[in-house]
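*Asks:* Output the structure for:
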Amino acid sequence: MDPGTRLVTRYLAEAVETASPAVRLMMLFDRLELDLRRASDGFESGDLELINDGLVHAQEILFILRATLRGDLWEGAPRLGALYDFLHGELLHANVAKDRTRMTAAMEMIGQLAAAWRQAAANASGEAPEREHAGAGDLA
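*Replies:* Numbering: from 1, shown residues only. Below is the predicted model of the structure:
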């Protein structure tokens with residue numbers, strides 16, 4: 001790895017490590033939406049590798065979001081976890097069957113969820129507490 005690439009990698013790692021939980025959550029959703037746009041581009045161009053890579057990484061992000069939910073901090077966490085599980089399954093099936101319609105429907109739901117989290121983060125007063133992804137209560 002060349003020195004310039006090392007510096008960029010280090011900068012990005014430090015940016016993530018020092019970000020508040022709300023900002024880290026937005027970073028995950030930004031990347032999730034980027035992965036889905038790339039997969040959509042793959043459907044457009046017929047690039048099976050691009051479809052697979054985008055959908056697999058999107059599934060990984062949903063798994064991370066699910067794993068960081070804290071039911072002990074927010075009573076809505078199990079329902080949000082079930083939604084993440086559903087979306088993960090939809091993207092898995094969309095990838096296996098190369099079903100663009102299924103991916104697009106999941107993509108729309110993820111976009112709505114991301115917009116809701118962005119609004120919650122914008123409405124949050126002060127710095128979000130330093131803890132794992134509790135759910136909406138974490139940003140209020």
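*Asks:* CA only for contacts and neighbour counts going forward, please
*Replies:* OK.
*Asks:* shaky segments in the protein?
*Replies:* Within the chain, the set of residues satisfying pLDDT under 70 comprises 4, 7-13, 15-16, 125-140.
*Asks:* As a check, name the ranges of all helices in it.
*Replies:* Using DSSP state H, the helices found in the chain span residues 3-18, 21-45, 48-67, 77-97, 100-123.
*Asks:* For my notes, please list the ones you listed in CSV and give mean neighbour count for each entry.
*Replies:* Converted to CSV, these look like this (neighbours: other C-alpha atoms under 10 Å):
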stretch, mean neighbour count
helix 3-18, 11
helix 21-45, 19
helix 48-67, 19
helix 77-97, 18
helix 100-123, 16
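*Asks:* close enough to count as contact, P78 and T68?
*Replies:* No. Applying C-alpha atoms under 8 Å as the test, P78 and T68 come out as separate, 11.5 Å apart.
*Asks:* Return the backbone torsion pair for D47.
*Replies:* Dihedral angles phi and psi of D47 (degrees, to the nearest 10) take the values phi -90, psi 100.
*Asks:* Ok, L69 next?
*Replies:* Per degrees, to the nearest 10, the backbone of L69 is at phi -60, psi 140.
*Asks:* how near is the closest residue to L87 other than its chain neighbours to G81?
*Replies:* Take L87 and drop its neighbours on the chain: the residue closest to it by C-alpha to C-alpha, 6 or more residues apart in numbering is A106, 6.0 Å away. Relative to G81, A106 is positioned 15 Å away (criterion: C-alpha to C-alpha, to the nearest Å).
*Asks:* With that, I have no additional questions.
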